[in-house]
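> Let's see this in three dimensions:
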Amino acid sequence: MQAMPLRFEDVRLGEAVSFDGAFAADGPLEQRVCDMVRRWSGTPSASLVSAYGLDDGFAPERLAGRVMARHLDGTNNADVEIILQARNASARAVVRVALR
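Predicted coordinates:
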């Protein structure tokens, strides 16, 4: 986890998201993508908004992420889109995180 949680003001729409470290191999895939966003943001929780093609047997070789939404309703929520690619398949997840 980061030393300081990300601030809403510092996150830009369309910004690329870098996921440090290896993709965890244990647990449900939905939980693993939420954990990646939680670690990136430095916040204690993140929640899955949508997922397509995620299957617990899916083993991604590449990951890419970007900030796809910033909620301007005072919640300081941001949605992060994650694209996971394997040799012959791909999956997409959107994870919501509350920034400070």
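
> Output the one helix or strand Val97 maps to in CSV, but only the C-alpha positions, please.
Assigned by DSSP states H and E, Val97 belongs to strand 90-98. These are the backbone C-alpha positions of strand 90-98, laid out as CSV (Å, rounded to 0.1, in the frame of the first residue of the first chain):
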residue,chain,number,x,y,z
SER,A,90,-9.3,-10.7,-22.8
ALA,A,91,-11.4,-9.4,-19.9
ARG,A,92,-12.5,-6.0,-18.6
ALA,A,93,-13.3,-4.8,-15.1
VAL,A,94,-14.4,-1.5,-13.7
VAL,A,95,-13.5,-0.9,-10.0
ARG,A,96,-14.7,2.1,-7.9
VAL,A,97,-12.6,3.6,-5.2
ALA,A,98,-13.2,6.5,-2.8
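
> What pLDDT is listed against the most centrally placed residue in the chain?
What sits nearest the mean C-alpha location of the chain, by Cα atoms, centre = their mean, is Val37, with 3.6 Å. pLDDT recorded at Val37 is 94.

> one step back: show the secondary-structure elements that the strand holding Val97 is packed against.
helix 29-41, strand 47-52, strand 77-85 (3 or more Cβ pairs under 8 Å, 6 or more residues apart in numbering; DSSP states H and E). Heads up, the C-betas are built off the backbone N, CA and C, glycines and all.
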